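Novice: 3D model of this:
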Amino acid sequence: MNFRNIPTIFPRHELTKLSFLAITRVSELLGISISTINGLIKRREFPPKVKISPKRMVFIREQIKAWIDQKALPHLTMKVKNVCFINI
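Specialist: Below is the predicted model of the structure:
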C-alpha cells in the first residue's frame, strides 16, 4: 500500500495500524443518528471523518473510543477504574 501522497497527522509508519469505522457503524454503536453525528462534527464536538479514497469517508476507531471514554468519565464514580466501555 502506498501512503506517500496521503496528507495525515499520523506518522507514515502508524497508518498501517489504524482501524476505521463507517458512519453507519458509529451510529449503531452510539445509538445516535447519522445527522446527529454530522451536527456534532460541524460543531467540532466529535472526531472528524477521514477521507481514505475519493468516495469513502470513515472514522478512526481509536478517536471514537477516546471520545466515548471522555464522555463517559464524568459519569463514573470514583471507585470505578480501568473500565472498557465498549469494544469497538
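Novice: got the contact list for S33?
Specialist: Residues near S33 by Cβ atoms under 8 Å, 6 or more residues apart in numbering: S27. In this view, the C-beta of every residue, glycine as well, is placed from N, C-alpha and C.
Novice: can you give me phi and psi for it?
Specialist: Torsion angles at S33 (phi, psi; degrees, to the nearest 10) stand at phi -70, psi 160.
Novice: all further residue positions should be reported with the first residue as 41.
Specialist: New numbering, starting at 41: the last item is S73.
Novice: can you map out the strands along this structure?
Specialist: 60-61, 90-93, 96-100 (DSSP state E).
Novice: which of the residues in the lengthiest helix in the chain are buried?
Specialist: Residue-count comparison of every helix in the chain, with assignments taken from DSSP state H, identifies helix 101-112 as the longest. Of the residues in helix 101-112, those buried under the neighbour-count criterion (16 or more other Cβ atoms under 10 Å) are 101, 104-105, 107-108.
Novice: so for I74, which of the strands of the chain sits nearest?
Specialist: Taking Cβ to Cβ as the criterion, strand 96-100 is the member of the strands of the chain that comes nearest to I74, at 11.6 Å.
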